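Undergrad: Have a look; sequence and predicted model below, questions after that.
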Amino acid sequence: MANGGIDVRSRQDPLRKHYKVSPEDARITDRAITTGGTGLDPFHGKVVPGSEDYGIVWPFGIHRAVGGDHDLPNPGDILSAALAACLDSTIRLIAARMGVYLTSLSVEVAADVDVRGCLLVDREVPVAFQEMRCHVALMAANGTDPQLVQMLLAASENCCVNLQTLRSGVRITTSTDISFGAA
């Protein structure tokens, strides 16, 4: 029970066994929905994260590079945060399974984008982040085998859902409901 006394194996091993015989149960859906998007301010909004109601609403703003006030986290910050949170939690879970005691861990994600694409200034510039960098600062307990830490990091990188999704891409569909009413 490394890292805080929580036995990850006792929680995950029954799930692993169950998913081997019932793989359909391993398919989950995560969600987020924006709310209050009818205001007169196109530079601010709110997003409700979660496939369940956690009672959390995240305000967001728009980066100054595209005209926003940059007074709140912007969607790129939120995407970076999602990747950092996923990689951090994956490292901690796998460390606990491996019996590697971490004395400190932080994951920093930086994402670079050229906004000329989204502002239609230059159609040759892709509307996408051109690069994302993850930096893991990890301290393991004294006496931990360095090779074990390298195995931990390799396994974590391989098992991080958000990291692997961004690396490989994912099919995204959009649908729209349009109606007209009083202004």
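TA: Cool, the structure landed.
Undergrad: residues touching the spatially most central residue of the chain, list them.
TA: For the chain, Ala82 is the residue whose C-alpha lies nearest the centre (C-alpha atoms, centre = their mean; 2.0 Å). By C-beta atoms under 8 Å, 6 or more residues apart in numbering, Ala82 lies in contact with Asn162. All C-beta atoms are positioned from the backbone trio N, CA, C, and that covers glycine.
Undergrad: Can you give me the distance of it to Glu108?
TA: Distance, Ala82 to Glu108, using C-beta to C-beta, to the nearest Å: 14 Å.
Undergrad: repeat for Leu120
TA: In this structure, Leu120 and Glu108 are 31 Å apart, going by C-beta to C-beta.
Undergrad: The two: which has the busier surroundings?
TA: More neighbours surround Glu108 than the other of Leu120 and Glu108, with 13 against 9 (other C-beta atoms under 10 Å).
Undergrad: The longest helix along the chain: what's the following helix or strand?
TA: Assignment by DSSP state H gives helix 75-98 as the longest helix of the chain. Remark: after helix 75-98, the chain's next helix or strand is strand 102-113, criterion DSSP states H and E.
Undergrad: Please enumerate the helices of this protein.
TA: Taking DSSP H as the criterion, the chain carries its helices at 8-21, 75-98, 146-159, 161-168.
Undergrad: For these, give me TSV that also has distance to Val113.
TA: Supplementary listing: those in TSV, determined by distance: least, C-beta to C-beta, whole Å:
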stretch	distance to Val113
helix 8-21	35
helix 75-98	6
helix 146-159	23
helix 161-168	13
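Undergrad: quick one: the helix or strand of the chain with the lowest mean pLDDT to chain centroid distance?
TA: Taking mean pLDDT, DSSP states H and E as the measure, the helix or strand of the chain with the lowest value is strand 32-35, at a mean of 92. Counting by C-alpha atoms, centre = their mean, to the nearest Å, strand 32-35 is centred 16 Å from the centre of its parent chain.
Undergrad: Can you work out which other helices and strands pack against it?
TA: Packing partners of strand 32-35 (3 or more C-beta pairs under 8 Å, 6 or more residues apart in numbering; DSSP states H and E): strand 44-49.
Undergrad: what angle separates the strand it packs on from helix 75-98?
TA: Here strand 44-49 runs at an angle of 20 degrees relative to helix 75-98 (axes from the mean of the first three to the mean of the last three C-alpha atoms, to 10 degrees).
Undergrad: Alright, that wraps it up for me.
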